[in-house]
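Colleague: The amino acid sequence is not available; the structure is as follows:
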């Protein structure tokens, strides 16, 4: 008859391998072939299960941490892009405001000139004997007025 190692002996070696040092209770037992009690067997299985569960938990945490780092890098890049776009938009806005102010000033100046020309024309018509065949009638007068407006 061949002697097979007892299945619990495998747990003893796993215990030393996974947990560093053997359980003091297991060291005090005589010989590796003696079977574990049901309580010791459950305790050892639970210990192995807890270690595996902790390892899986650490792996999940590590994956989550990497996901968060990746998301942080993506959001930082997006934030930099948006900040750059805000700077560009602000610069364009300032250019438009300056141009708007310039155009408003130009409009006001042109409006004043138009008002002055209208007053001038009105004054010329009032002073001129145009209605009596004076010199401020006809095409030359209109050309003179046109030259004043440009």
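Modeller: Nice, thanks for sending it over. Just so we're clear, the structure is a prediction, and the values are computed from it rather than from any experiment.
Colleague: Next SSE downstream of the lowest-mean-pLDDT helix or strand in the chain?
Modeller: In the chain, no helix or strand scores lower on mean pLDDT, DSSP states H and E than helix 24-28, which sits at a mean of 50. Counting by DSSP states H and E, the next helix or strand C-terminal to helix 24-28 is helix 38-127.
Colleague: mean confidence score for that next one?
Modeller: Averaging pLDDT along helix 38-127 gives 96.
Colleague: helices or strands next to that helix in the packing?
Modeller: helix 7-19, helix 139-149 (3 or more Cβ pairs under 8 Å, 6 or more residues apart in numbering; DSSP states H and E). Every C-beta, even on glycine, is put in place using the N, C-alpha and C of the backbone.
Colleague: repeat that with 6 Å
Modeller: Applying 3 or more Cβ pairs under 6 Å, 6 or more residues apart in numbering; DSSP states H and E, we find helix 38-127 packed against no helix or strand.
Colleague: Make 29 the first number, not 1, from now on.
Modeller: OK, 29 is where the count begins now, so the last one is helix 66-155.
Colleague: Can you report how many residues neighbour residue 105?
Modeller: When counting by other Cβ atoms under 10 Å, one arrives at 10 neighbours for residue 105.
Colleague: Repeat that for the one 10 residues further on.
Modeller: Residue 115 has 10 neighbours, counted by other Cβ under 10 Å.
Colleague: The one 3 residues further on too?
Modeller: When counting by other Cβ under 10 Å, one arrives at 10 neighbours for residue 118.
Colleague: repeat for residue 109
Modeller: Neighbours of residue 109 (other Cβ under 10 Å): 10.
Colleague: Repeat that for residue 72.
Modeller: 19.
Colleague: And the one 3 residues further on, by the same measure?
Modeller: Neighbouring residues of residue 75 were enumerated by other Cβ under 10 Å; the total is 16.
Colleague: With the one 5 residues further on instead?
Modeller: For residue 80, the tally of surrounding residues (other Cβ under 10 Å) stands at 11.
Colleague: Would you mind measuring from it to residue 87?
Modeller: 11 Å (Cβ to Cβ, to the nearest Å).
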